[in-house]
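S.K.: here's a sequence, model it:
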Amino acid sequence: MARYRNNKKFSRHNKYSPGREISRVGELSSAETRREYSRRAVQGDYVKQSLDKRKRKSIIVTVIFIILALVLAGIAASYAYVSSVNNKLHTDIDTEALSSVLAAPKAEGDPYYIVLVGTDGRDGETDYSADTILLARIDPTGPQITLVSIPRDTYVTIDGHGYDKINASYAYGGAALAVQTVSKLAGVPIAHYIETGFEGFVSVVDALGGVEVDVPTRIEDPDAGRIIVESGPQTLSGEEALVFCRSRKIFADGDYTRTANQRLFLTALAKKVLSSGKANLVSTVDDVADCVRTDMSLSDIMDIVDSLQGIDTSTAVYSGVLPSEVETIDGVSYVVSRDDEWVAMMERVDAGLSPSEGDSSISGGATDTGSSVITTSDYTVTVWNGAGISGCASDAAAKLEAVGYGIDDIGNANTFVYDETLIVYDDKTEKAVAESIVSALGVGRAVYSSGSYTFTGDLLVVVGKDWTP
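M.R.: Numbering: from 1, shown residues only. Predicted structure coming up:
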């Protein structure tokens, strides 16, 4: 009983019974558990959100790194590609020697000159000379192009070698000496140099898909190639273009007609290149880089093309040839410049004018006489038989005499390959006169000589196979 009472006493002295105490502990544990769960749930969401954010950041960083890697890889590939093209363009050319004789324009946008050289070398050959030499003036602000032919047999002084033909300068000292010699002859600084051989020339034309040219007269010249090039508008392949630009022996004036054909072709080539588009041009440069030697980089070439965008090749391309005559010196035939005329021509060229005196406009085309009335007795005409048709030159001369033209000379061209009758004028102010001769003969086409034909009259008629008495 005492034990019981003590227990009751214990119960009375305690606010809660042992059972209630246990219950209270249980209640507290449950509440704590809820609060703990809630806290842990919140912490879990936070951790989850934090992990999600870290995951998203990790993905973004990874994507950025991938993009950067791709960009850097593209830059590296682009750099490698450009470097590869540049290395091809600079192969087998002494760029260090060239840089010592080349002169950049004084200011951006200033006109500058380029020497274009076509060699007679073929793949595998190491001994060759300059077969074609042209001086090109590029005016990016026009834009405008002027092409001046320098006959390969031009009599010049070559540093360290004395008097010789200008094409020997390349054989003596390569590109650098060729540039130096042309610069000295023309009296202008040279900014760039471009060279190609026969195979390179063919590759350039074929890579462009051919070049559209209005061929003045039929060419059948075994010395230039086995291919026959017909007259008239057509798309020339690489081999056909090579024959067109190399042929000279079949023409009465030899190298003069050849240089005129070369300038005609280069004008057509420029038109094709400028219409190709940048992407196609880059691909074309890569295709032909093995066949072309130049101091320029791919970037330089693209800059030139960019500067000439929008040029009208029918009106903004001038063409001329070094004024000269053929002389024999110590038993060797040379082309000797008429110095006063040459200096005057280069002054006009350097001023952005036509190489031909009498055309001060920037039109590139022939200048009209300004009058619809032609006084025929003021002009003399040389008449050649270029068709091999007996008596055709005399018949043509008689027709012209009947309308008042004076006949200076009647003779044969040195070859009978002319399909079309040509009326050649050497002064752009005489275009209307040439066209009046076309009307008088009832056949033919007026052609500007630009010094390419040598004749004694004011105008030249080359009677072609289209002639009918």
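S.K.: which stretches of the stretch 51-200 of the chain have low pLDDT?
M.R.: Along the stretch 51-200 of the chain, segments meeting pLDDT under 70 span 51-57, 61, 65, 68-82, 121-128.
S.K.: give me the residues contacting stretch 232-250.
M.R.: The contact list for stretch 232-250, computed with Cβ atoms under 8 Å, 6 or more residues apart in numbering, reads 118, 131-132, 198, 201-206, 210-215, 219-221, 223-225, 227, 229, 254-255, 257-258, 261-262, 265, 414-415, 417, 420. (C-beta placed from N, C-alpha, C; glycine too.)
S.K.: any buried residues in it, and which?
M.R.: Buried residues in stretch 232-250, counted by 16 or more other Cβ atoms under 10 Å: 236-248, 250.
S.K.: how about stretch 110-121?
M.R.: 111-119, 121.
S.K.: next: stretch 263-277.
M.R.: Those would be 263-274, 276, for stretch 263-277 by 16+ other Cβ under 10 Å.
S.K.: from these, which shows the smallest pLDDT?
M.R.: Among the buried residues of stretch 263-277, Ser276 has the lowest pLDDT, at 77.
S.K.: return the residues in contact with that residue.
M.R.: Counting by Cβ under 8 Å, 6+ apart, the residues that Ser276 touches are 208, 284.
S.K.: did I read that right, it in a helix?
M.R.: No. Using DSSP: H, G, I helix; E, B strand; the rest coil, the assignment for Ser276 is coil, not a helix.
S.K.: pop the domain breakdown of the chain in here.
M.R.: For the chain, the structural domains run 18-87, 95-350, 376-463, going by automatic domain parsing.
S.K.: will you turn those domains into JSON lines that also has distance to Ser356?
M.R.: Putting the domains of the chain into JSON lines (distance: least, Cβ to Cβ, whole Å) gives the following:
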{"stretch": "domain 18-87", "distance to Ser356": "38"}
{"stretch": "domain 95-350", "distance to Ser356": "6"}
{"stretch": "domain 376-463", "distance to Ser356": "5"}
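S.K.: nearest to Pro469, of those domains?
M.R.: Closest to Pro469 of those is domain 376-463 (Cβ to Cβ; 5.1 Å).
S.K.: what about the closest one, how long is it end to end?
M.R.: Separation of the first and last residues of domain 376-463 by Cα to Cα, to the nearest Å is 19 Å.
S.K.: try stretch 95-105
M.R.: Terminal residues of stretch 95-105 are spaced 18 Å apart (Cα to Cα).
S.K.: which parts of that stretch are buried?
M.R.: Judged by neighbour count using 16+ other Cβ under 10 Å, the buried positions of stretch 95-105 are 95, 97-98, 101-102.
S.K.: so Arg348 lies in a strand, does it not?
M.R.: No. Per three-state DSSP, Arg348 lies outside any strand segment and is helix.
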